[in-house]
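Chemist: Make a model of this:
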Amino acid sequence: QITGTLLLAVFTATLGSLQYGYSIGVINAPQKVIERHYERTLGLLHNDSLAVNGSDVMVSHSSVLMYWSLSVSIFSIGGVFSSFLVGWVGEKRGRVKGMLAVNILAVTAGLLMGLSKMGPAHIMVIAGRALMGFYCGLSSGLVPMYIGEIAPTAYRGAFGTLHQLAIVTGILLSQVTMWPLLLGLSGAPAVLQSFLLPLCPESPRYLYINLGKKEETQNCLKRLRGKCDIEKDMAEMKKEKQDSIKEDKISILKLLRSTDYRQPLFVALMMHLSQQFSGINAIFYYSTSIFETAGFTQPVYATIGVGVINTIFTMLSVVLVDKAGRRTLCLIGLAGRCVCAIIMTVGLVYLDQFAWMSYVSMAGIFLFVCFFEIGPGPIPWFFVAELFSQGPRPSAIALAGCCNWTSNFLIGMCFPYIQGFCGSYVFIIFAVLLFFFTMFAYFRVPETKGKTFEEISAEFYRRRHGTLPSPKAATEMLYLGTSTDA
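Modeler: Okay, here's the model as predicted:
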């Protein structure tokens, strides 16, 4: 049964995801306006135009370009560092109190950027972006962790997909909002979330397994499950707690060193790599220039169209993920984008010879985004939480988040140079990578739909040893290794 408390908790948590998505897109639309403010602050207004072919073209000073590039990239750098702290914050503060505490970063960042006209604009915006990136790195780990732990098994995929839906909704809002409101609204979702979080129950798994508070756990489960019997949830958590006592705490270093955790960790990291190294962020970050290359006179509207399609197909994924399954949707999404990358390449290569190839390129881009949001976009965020039990889950999510943020940063920084070197053939590189990721998903990624953590770990055991574990060994922690291995 889906209760009002469960819906409130999921909605409140995904406000952090909305903040994340909004922060990704908020800096792009007002680029020229912010650059002008940087020039005023640095006293460089006399360099703001050049005569090109008889007309004045706005050209930014090299110092302004440097500060602008730093304003964009420092967001990802902040996320890379803070993603390592997800496990620590989640364990020390809890899921709800952890999300509440990190909102201080988002509100402070929003104030710095919103008030940047009143001080040195370049310093305040860069500092605000760094803080916001630090917040988003924490939020992008805490939100899927919390949702994965409170969602019923039957709806775990659908609720997990809402994290990605909130991200793409935030990106869309940042694209259609008038620029003076953009930076001023940074941090607004965090403010709303801070008011709602005290109304949300803490994760029952955290209360029972980490803190041993049985009565509070039962109260939270009753609020989340309503009239449904909570004994099955309690029995599953009790078993998981008993297994976790048999080994030491799983830190990031122990997780990396353990041979028994290697399979699920490798799958988790590859899922995040397939999300980022598929070329999707190249389209999100540089869609306007890509549409210009494809011959569109109004590329901004095409970019907004990408945002709308992004949101619609993420909503479709919410409906499909618990019916079709995680593995199936990922395979469809990866294979579909491989084909779309080839279509985009053909459209760009033959654009000079056939004008109608611009429509082929646009169709390829739109379909690429559709296939991304069907599966490979939203699934990796909650898939990690499904692969690991309570003990190693925070460390696994932290590593996956760091992998995601680092890949995001590398694509954002390197794509313009790769595009300059490869020209119209740039998406062939992504097509090759997508083919590899499709093969990996087909042979190595297990289906987790409707399965308990014990069943998922038994599947990894079967893949590793060729047989199912014996009843005595059929627990996740026994499969995942002793404290000596970890």
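
Chemist: Quick one: low-confidence residue ranges for the stretch 201-350 of the chain.
Modeler: Judged by pLDDT under 70, the stretch 201-350 of the chain has its weakly predicted residues at 247-249, 284-290, 292-297, 299-300.

Chemist: Quick one: the helices in it, in order.
Modeler: With DSSP state H, counting those that start in this stretch, the ranges of helices along the stretch 201-350 of the chain come out as 204-205, 214-225, 231-245, 252-257, 262-276, 280-293, 299-324, 326-349.

Chemist: Tell me if I am right that I171 is in a helix.
Modeler: Yes. Per DSSP: H, G, I helix; E, B strand; the rest coil, I171 lies within a helix segment.

Chemist: show me the contacts for V64.
Modeler: 35, 38-39, 42, 44 (C-beta atoms under 8 Å, 6 or more residues apart in numbering). Yep, even glycine has a C-beta here, placed from its N, CA and C like the rest.

Chemist: Go again with 10 Å.
Modeler: When contacts are counted by C-beta atoms under 10 Å, 6 or more residues apart in numbering, V64 is found next to 34-39, 41-42, 44, 47-48, 122.

Chemist: just to revisit the earlier point, need the winner for burial among the helices of the stretch 201-350 of the chain.
Modeler: helix 204-205 (a mean of 25; mean count of other C-beta atoms under 10 Å).

Chemist: ok, and what's touching that one?
Modeler: Residues from elsewhere that reach helix 204-205, judged by C-beta under 10 Å, 6+ apart: 95, 145-146, 148-150, 213, 216-225, 230, 233-234, 236-237, 240-241, 389-390, 393.

Chemist: Mind doing that once more with 7 Å?
Modeler: 149-150, 217, 220-221, 233, 237, 390 (C-beta atoms under 7 Å, 6 or more residues apart in numbering).

Chemist: Let me have the residues you listed in CSV, extended by distance to S407.
Modeler: What follows is the contacts of helix 204-205, written out as CSV (distance: C-beta to C-beta, whole Å):
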residue, distance to S407
E149, 26
I150, 28
T217, 37
C220, 35
L221, 37
D233, 35
M237, 34
Q390, 27
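
Chemist: and of these, the nearest to N404?
Modeler: Nearest to N404, judged by C-beta to C-beta, of these is E149 at 19.8 Å.

Chemist: And that closest one, how far from E240?
Modeler: 11 Å (C-beta to C-beta, to the nearest Å).

Chemist: go on, L131?
Modeler: According to C-beta to C-beta, L131 and E240 sit 36 Å apart.

Chemist: Now do the strands in the protein.
Modeler: Using DSSP state E, the strands assigned to the chain run over residues 50-52, 55-57.

Chemist: I figured G79 hits C136, correct?
Modeler: Yes. Using C-beta atoms under 7 Å, G79 is in contact with C136, at 5.4 Å.

Chemist: What is the nearest of the contacts of helix 204-205 to F443?
Modeler: Q390 (28.6 Å).

Chemist: Next one, pLDDT for that closest one please.
Modeler: On the pLDDT scale, Q390 is placed at 69.

Chemist: got it, and I147?
Modeler: The model's pLDDT for I147 equals 93.

Chemist: where does it sit relative to Y38, distance-wise?
Modeler: From I147 over to Y38 (counting by C-beta to C-beta), the distance is 39 Å.

Chemist: Next: F443.
Modeler: Distance from F443 to Y38, counting by C-beta to C-beta: 50 Å.

Chemist: tell me how far stretch 1-12 is from the chain's mean position?
Modeler: Chain-centre distance of stretch 1-12: 21 Å, with C-alpha atoms, centre = their mean, to the nearest Å.

Chemist: Need the residues that contact that stretch.
Modeler: By C-beta under 7 Å, 6+ apart, stretch 1-12 touches 147, 150, 155, 159, 162, 193, 196-197, 199-201, 223-228.

Chemist: in that stretch, what counts as buried?
Modeler: Residues of stretch 1-12 classed as buried: 2-3, 5-6, 9-10, 12 (neighbour count, 16 or more other C-beta atoms under 10 Å).

Chemist: picking that back up, what's the closest of the contacts of helix 204-205 to V308?
Modeler: I150 (30.1 Å).

Chemist: re earlier: of the contacts of stretch 1-12, keep whichever come out buried.
Modeler: Listed as buried from those are 147, 150, 155, 159, 162, 193, 197, 200-201, 223-225; burial here means 16+ other C-beta under 10 Å.

Chemist: Make JSON lines out of those residues and add distance to I365.
Modeler: Listed next are those as JSON lines, based on distance: C-beta to C-beta, whole Å:
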{"residue": "I147", "distance to I365": "30"}
{"residue": "I150", "distance to I365": "36"}
{"residue": "Y155", "distance to I365": "32"}
{"residue": "F159", "distance to I365": "29"}
{"residue": "L162", "distance to I365": "25"}
{"residue": "Q193", "distance to I365": "33"}
{"residue": "L197", "distance to I365": "38"}
{"residue": "C200", "distance to I365": "38"}
{"residue": "P201", "distance to I365": "42"}
{"residue": "R223", "distance to I365": "44"}
{"residue": "L224", "distance to I365": "40"}
{"residue": "R225", "distance to I365": "43"}
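
Chemist: Just want to know which of F443 and Y38 has more residues nearby.
Modeler: Between F443 and Y38, counted using other C-beta atoms under 10 Å, Y38 has the larger neighbour count: 26 against 8.

Chemist: And that one, how far from L6?
Modeler: With C-beta to C-beta as the criterion, Y38 and L6 are 46 Å apart.

Chemist: OK, contacts around N103?
Modeler: Here N103 is in contact with 190, 193-194 (criterion: C-beta under 7 Å, 6+ apart).

Chemist: Out of the residues you listed, the closest to Q419 would be?
Modeler: Among the contacts of N103, and counting by C-beta to C-beta, the member closest to Q419 is A190, at 34.5 Å.

Chemist: Contacts only, for the closest one.
Modeler: 19, 103, 106-107.

Chemist: same thing but at 10 Å, please
Modeler: Contact analysis of A190 by C-beta under 10 Å, 6+ apart lists 15-16, 18-19, 99-100, 102-110, 132, 135, 139.

Chemist: Once you drop chain neighbours, what's closest to A302?
Modeler: F291 (4.6 Å; C-beta to C-beta, 6 or more residues apart in numbering).

Chemist: how much space between the one you found and I365?
Modeler: Distance from F291 to I365, by C-beta to C-beta: 8 Å.

Chemist: which residues are common contacts for those two?
Modeler: Taking C-beta under 10 Å, 6+ apart as the criterion, F291 and I365 both touch 283, 302-303, 305-306.
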